[in-house]
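In: Sequence and predicted model, in that order:
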Amino acid sequence: MAQHNTLGKNGEQIAKDFLEQQGFEILDENWCFGKAEVDLIAFKHKTIIFIEVKTRTGSAFGQPEDFVDVKKQRLLTDAAEEYVYLMNHQGEIRFDIISILFDKNLEKYTLKHIEDAFWNYE
C-alpha cells in the first residue's frame with residue numbers, strides 16, 4: 001500500500017477512535033455510492049453524521065480540511081441522500097470534517113473536529 005494510503009487509513013482509524021470516545025456510534029466505514037466514498041458515518045443524538053477525514057503531514061499547501069472542495073461536498077451530499085433513503089432515516093443529518101495533521105516524523109498529530117462543516121447542496 002502506498003504511504004499516502006497508509007497515512008489516510010491511519011487517520012481514519014484515529015478519527016473513528018476519537019468519535020467512539022466522544023459517544024458516537026459508528027454505523028459505516030468507507031461507504032460508497034456512485035463516485036462518492038464517505039469515510040465514516042456516525043450516529044449521535046438522533047442525528048446521522050457523514051464525516052470526511054483528511055489527514056496530512058504538513059500544512060504548506062493548506063490545512064487538511066481545506067481539501068474538502070465543493071465537488072467533494074456535492075459527492076458527499078449525493079451519497080448522504082442515498083444513505084438516508086436506504087436507512088429510512090427521518091431525523092437530522094449533518095456533515096463534519098475531521099482534520100488530522102501529523103508532524104514530519106509521524107509521531108504526533110493534531111486532530112480538529114469541525115461539526116456542520118458544510119451544508120447540503122441542493
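Out: Perfect, thanks for sending it. Numbering: from 1, shown residues only.

In: Report the separation between residue 26 and residue 119.
Out: Distance, residue 26 to residue 119, by C-beta to C-beta, to the nearest Å: 23 Å. Bear in mind the C-beta positions are built from the backbone N, C-alpha and C, glycine included.

In: so the residue most central in space within the chain bridges to which residues?
Out: Note on the chain: the residue nearest the mean C-alpha position is residue 52, at 1.8 Å, using C-alpha atoms, centre = their mean. Bridge pairing for residue 52 (DSSP bridges) gives the partners residue 97.

In: My guess is it contacts residue 99. True?
Out: No - between residue 52 and residue 99 there is no contact under C-beta atoms under 8 Å: 9.3 Å.

In: Residue 98: how many residues sit nearby?
Out: 26 (other C-beta atoms under 10 Å).

In: how about the nearest residue to it, chain neighbours excluded?
Out: residue 15 (4.2 Å; C-beta to C-beta, 6 or more residues apart in numbering).

In: which residues of the protein fall in helices?
Out: Secondary structure of the chain (DSSP state H): helices at 3-21, 70-87.

In: Turn these into JSON lines, including mean pLDDT and mean neighbour count.
Out: What follows is the helices of the chain, written out as JSON lines (pLDDT from 0 to 100; neighbours: other C-beta atoms under 10 Å):
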{"stretch": "helix 3-21", "mean pLDDT": "89", "mean neighbour count": "15"}
{"stretch": "helix 70-87", "mean pLDDT": "94", "mean neighbour count": "16"}
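
In: Of all the ones you listed, which one comes closest to residue 107?
Out: With C-beta to C-beta as the measure, helix 3-21 is the member of the helices of the chain nearest residue 107 (12.2 Å).
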